[in-house]
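>>> Please work out how this folds:
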Amino acid sequence: MSIENRQAQRQKVLKSAKIVLDDWTAIDCTVRDVSQTGARLVCDNTINLPPKFKLFMVSDRTIRDVTAMWRKPSLIGVRFDSEPKSAGLRKF
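Predicted coordinates for the structure are as follows:
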């Protein structure tokens, strides 16, 4: 039996999202699970991602600041650093 040291319970999801870099370049990803404090993302290559970026949720058109907490070649765990904000009509 394993004990998880998580601050919040995870919920499995399958949501389309985009990793948004400082220059507003967007990288497609999928949110596989989410909690109040963070999320697990799947994307083609996480190795070259910076430690901090924005996460745009396609379904509800919100964006928030995140920090990478761990990464594997196609997975990255992020911590939410801000509340979600409306992304308005910006196209990514």
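>>> and residue 84, what does it touch?
Residues in contact with residue 84 (C-beta atoms under 8 Å, 6 or more residues apart in numbering) are 57, 60, 62, 63, 64. Every C-beta, even on glycine, is put in place using the N, C-alpha and C of the backbone.
>>> and it, how far is that from residue 66?
Distance, residue 84 to residue 66, by C-beta to C-beta, to the nearest Å: 11 Å.
>>> Quick one: residues contacting the residue nearest the centre of the chain.
The residue lying closest to the centre of the chain (C-alpha atoms, centre = their mean) is residue 55, at 4.9 Å. Going by C-beta under 8 Å, 6+ apart, residue 55 touches 17, 18, 19, 20, 39, 41, 63, 64, 66, 78.
>>> For my notes, please list those residues in TSV and give pLDDT and distance to residue 32 for each entry.
Putting the contacts of residue 55 into TSV (pLDDT from 0 to 100; distance: C-beta to C-beta, whole Å) gives the following:
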residue	pLDDT	distance to residue 32
17	98	10
18	97	15
19	97	14
20	96	18
39	98	8
41	98	7
63	97	19
64	97	17
66	98	15
78	98	12
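>>> Tell me how many other residues surround residue 63.
Counted by other C-beta atoms under 10 Å, the residues lying close to residue 63 total 21.
>>> Can you name the residues that contact residue 51?
The contact partners of residue 51, taken as C-beta under 8 Å, 6+ apart, are 67, 68.
>>> ok, now how distant is it from residue 59?
Distance from residue 51 to residue 59, by C-beta to C-beta: 26 Å.
>>> Residue 19 too?
Distance of residue 19 to residue 59, computed by C-beta to C-beta: 16 Å.
>>> Name the residue in those two with the higher neighbour count.
Neighbours were counted for residue 19 and for residue 59 using other C-beta under 10 Å; residue 19 has more, 23 against 10.
>>> for that one, which residues make a bridge with it?
Listed beta-bridge partners, residue 19: residue 27, residue 55 (assigned using DSSP bridges).
>>> Alright, that wraps it up for me.
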